[in-house]
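**Student:** Any chance you could fold what I've pasted below:
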Amino acid sequence: MRLSELKSAGRTPALPISLALADAAGPAELQLLTLLRVLPGQRYVGAGVWRGRPVLAKLLVGNKAARHFQRERDGARLLAEQGMTTPLLLADGLQDGEGGWLLFELLENAQGLGNAWAAVENLPALADEQSAVLSEALAAIGQLHAKGLWQADLHLDNLMRANGLLYLIDGGGVMAEQAGQPLSRQKVLENLGVFFAQLPRTLEPFTEELLVYYLLSNGEHALPLEALQKQIDKVRDWRLKDFLDKSTRDCSLFSVNDTAFELRAIRREEEAAMLPVLAQADGLLDQGHLYKTGGAASVARVEVAGRALVIKRYNIKNFAHWLKRFWRPSRAWHSWREGNRLTFLGIATPKPLALQEQRFMGLRRKAYLVTEYLSGPDIIERFAPYVESGAVPQSELQALDMLFAQLLRERISHGDFKGHNLFWHDGRWSMIDLDAMCQHRSQASFATAFARDRARFMRNWPVDSALHQLLEQRLPKVPVA
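**Tutor:** Below you'll find the model as predicted:
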């Protein structure tokens, strides 16, 4: 295959791929055996063999190939020139009309710090195992900044453990202010803001403690916490908006088909499993365990290939109902978006897997939402033994405290906060039925909505019961602005 042919190879080209590449020593064949990352028509990153040696190949094609190649090569050279621990660039080339390529030494048995973090992120905040991962990352970032460099696309997967060392990878995002001289304080704050914004909110009280690991590698500047927090908040807002935008457009995270006759959005890793589910959604609903049928929505638990799922179909009841719904995004779309919002923010909810809106020339009809199934009881069932005594297990009360704290912090109202919409699962309270959920921009509108949510939540139990009185005293209140 010629390098330029990758431009039309799509997201999943057939492997292995043989490519004839040439360097100073002459032409040689690259056998590309696996693909690790694909940006269709632009970038293909994978592992292969070149001149009998295992390599990591970055293949750049399309109209932007020359620019991307230059950026990748310059970044890799900056890392090497400043003495950073980084994979050796073995060969590179750029050919007009074909594209560019860079071959790096392949780090055998490497582990990204992203995977290392995923293994410990659900432990209590700043557990020793978490500190070990974050201290390693912050020390490497400090060393990078001390040399006047920063990683624009800074995240844990750009730090790889291998051979007892921590490698900095992905030169395409590496930039220099003044190579060899410590980075300015403003650039340090901006780049650290990118890093800390990706960590769970539960670690926010420990920012100052974590900064110590950075300062041990680069103590050039005093780093005021208030200024750093402003950067963190700015990046967090941008990342959330970017993620929600991606949830309804075709990208590496989501498979999206948006036409005049259909909107279909599926998590990319779930595409093969969800396409048949959406194709037979009505039949699965009819055969499943129905929770709700008829009216504005039908909901059922279904079994597909041994996996429990929940399908919710948003119905069009009659012509008058259609006139109200056809011109605006469906409630399935809203629930899909808000479910992804909660997932991104680390607030428990069934993972949204797939969305489908049926349309006719752009006019919306029925819509479907598929999510994971939660096997736990709702809060009314879970708290039923404690209504009179109020002796709720502390772990469940603390989990409820955490949920309310998250909702307050993110200014999120549910809109129908009855007990049947809150489930106990894996030691957390998970929210379902997100049709009316809203993240408020102003404190005033949130205060009003939160007060309604809290009042609806408290109506789950008799006012004179011990449980009601316990929760009334315990749960936070927000004054109506």
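
**Student:** got the contact list for the helix or strand harbouring Glu72?
**Tutor:** Take DSSP states H and E as the rule and Glu72 turns out to sit in helix 65-81. Identification of contacts with helix 65-81 by CB atoms under 8 Å, 6 or more residues apart in numbering yields 42-43, 58, 60, 86, 88-89, 92, 94, 99-102, 104, 149, 168, 170-176, 179. To be clear about C-beta, it is placed using only N, CA and C from the backbone, and glycine gets the same treatment.

**Student:** out of the residues you listed, which are inside strands?
**Tutor:** Counting by DSSP state E, these place 43, 58, 60, 89, 92, 94, 99-102, 104, 149, 168, 174-176 in strands.

**Student:** Helices along the protein, start to end?
**Tutor:** 65-81, 113-118, 128-146, 185-196, 207-217, 225-246, 271-279, 281-287, 319-325, 331-345, 379-383, 394-410, 443-458, 466-474 (DSSP state H).

**Student:** Selecting buried members of the ones in strands among the contacts of helix 65-81 in PyMOL, what would you type?
**Tutor:** Those of the ones in strands among the contacts of helix 65-81 that count as buried under 16 or more other CB atoms under 10 Å are selected in PyMOL with:
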select buried, resi 43+58+60+89+92+99+100+101+102+104+149+168+174+175+176
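
**Student:** Which one of the ones in strands among the contacts of helix 65-81 is nearest to Tyr291?
**Tutor:** Closest approach to Tyr291 among the ones in strands among the contacts of helix 65-81 (CB to CB): Arg43, at 44.0 Å.

**Student:** before we move on, back to that, most neighbours per residue, which of the helices of the chain?
**Tutor:** Across those, the average number of neighbours (mean count of other CB atoms under 10 Å) peaks for helix 331-345, which reaches a mean of 22.

**Student:** ok, and what's touching it?
**Tutor:** 201, 239-240, 243-244, 247-248, 263, 265, 297, 312, 314, 348-352, 355-357, 367-369, 371, 406, 410, 412, 431, 433-435, 437, 439.

**Student:** switch the cut-off to 7 Å
**Tutor:** 240, 243-244, 247, 265, 314, 349, 351-352, 355, 357, 367-369, 371, 410, 431, 434-435, 437, 439 (CB atoms under 7 Å, 6 or more residues apart in numbering).

**Student:** Report the angle between the helix holding Glu72 and strand 89-95.
**Tutor:** Put simply, helix 65-81 runs at 160 degrees to strand 89-95, going by axes from the mean of the first three to the mean of the last three CA atoms, to 10 degrees.

**Student:** Quick one: distance of helix 65-81 to the chain centre.
**Tutor:** Centroid separation for helix 65-81 versus its chain: 27 Å, with CA atoms, centre = their mean, to the nearest Å.

**Student:** Kindly tell me how buried the closest residue to Ile412 other than its chain neighbours is, as a neighbour count.
**Tutor:** Leaving aside its chain neighbours, Ile412 sits nearest to Gln439 (5.1 Å; criterion: CB to CB, 6 or more residues apart in numbering). When counting by other CB atoms under 10 Å, one arrives at 16 neighbours for Gln439.

**Student:** OK, contacts around Gln439?
**Tutor:** 341, 410-412.

**Student:** hmm, which two among the residues you listed are most spread apart?
**Tutor:** Longest span within the contacts of Gln439, CB to CB: Arg341 and Arg411, 11.7 Å.

**Student:** still on that earlier bit, what's the angle between the helix holding Glu72 and strand 99-105?
**Tutor:** For helix 65-81 against strand 99-105, the angle by the same axes, to 10 degrees is 30 degrees.

**Student:** Only alpha carbons, please: show helix 65-81 as CSV.
**Tutor:** C-alpha atoms of helix 65-81 as CSV (Å, rounded to 0.1, in the frame of the first residue of the first chain):
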residue,chain,number,x,y,z
ALA,A,65,0.1,16.1,6.7
ALA,A,66,3.1,18.4,6.2
ARG,A,67,2.0,20.7,9.1
HIS,A,68,1.4,17.8,11.5
PHE,A,69,4.6,16.1,10.5
GLN,A,70,6.6,19.2,11.2
ARG,A,71,5.0,19.7,14.6
GLU,A,72,5.5,16.0,15.6
ARG,A,73,9.2,16.0,14.5
ASP,A,74,10.0,19.4,16.1
GLY,A,75,8.4,18.3,19.4
ALA,A,76,10.2,15.0,19.5
ARG,A,77,13.5,16.8,18.8
LEU,A,78,12.8,19.3,21.5
LEU,A,79,12.3,16.6,24.1
ALA,A,80,15.5,14.8,23.1
GLU,A,81,17.6,17.9,22.9
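
**Student:** related to what we said a few turns ago, of the contacts of Gln439, which is the nearest to Leu192?
**Tutor:** When those are compared against Leu192 (criterion: CB to CB), the nearest one is Glu410, at 22.1 Å.

**Student:** ok, now how distant is the closest residue to that closest one other than its chain neighbours from Leu434?
**Tutor:** Nearest residue to Glu410, sequence neighbours excluded (CB to CB, 6+ apart): Leu345, at 5.8 Å. From Leu345 across to Leu434, the span is 13 Å (CB to CB, to the nearest Å).

**Student:** Also Phe360?
**Tutor:** 26 Å.

**Student:** Look at these two and report which has more neighbours.
**Tutor:** Between Phe360 and Leu434, counting by other CB under 10 Å, Leu434 is the more crowded of the two (27 against 11).

**Student:** For that one, what are phi and psi?
**Tutor:** Dihedral pair for Leu434: phi -100, psi 20, per degrees, to the nearest 10.

**Student:** quick one: pLDDT of it?
**Tutor:** For Leu434, the model assigns a pLDDT of 96.

**Student:** Name all residues that make contact with it.
**Tutor:** Contact partners of Leu434, counting by CB under 7 Å, 6+ apart, are 335, 338-339, 349.

**Student:** List just the nearest of the ones in strands among the contacts of helix 65-81 to Glu129.
**Tutor:** Leu168 (22.4 Å).

**Student:** quick one: that closest one from Arg441, how far?
**Tutor:** Applying CB to CB, the value for Leu168 to Arg441 is 38 Å.

**Student:** got it, and Lys351?
**Tutor:** 26 Å.

**Student:** And those two? Which one has more around it.
**Tutor:** Lys351 (17 against 9).

**Student:** Identify the residue nearest that one in space, chain neighbours excluded?
**Tutor:** Per CB to CB, 6+ apart, closest to Lys351 is Glu372, 4.5 Å.

**Student:** Over to Arg428?
**Tutor:** The nearest residue in space to Arg428 (CB to CB, 6+ apart) is Ala348, at 4.2 Å.

**Student:** Quick one: residues contacting the residue nearest to Lys351.
**Tutor:** Counted by CB under 7 Å, 6+ apart, Glu372 has contacts 309, 350-351, 353.

**Student:** What of Ser465?
**Tutor:** 387-388.

**Student:** same thing but 8 Å
**Tutor:** Ser465 neighbours (CB under 8 Å, 6+ apart): 387-388, 390.

**Student:** Can you tell me which of those residues are buried?
**Tutor:** Buried members of those, counted by 16+ other CB under 10 Å: Val387.

**Student:** mind putting the contacts of Ser465 in TSV, pLDDT and distance to Thr293 included?
**Tutor:** Below are the contacts of Ser465 laid out as TSV (pLDDT from 0 to 100; distance: CB to CB, whole Å):
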residue	pLDDT	distance to Thr293
Val387	97	30
Glu388	96	34
Gly390	95	36
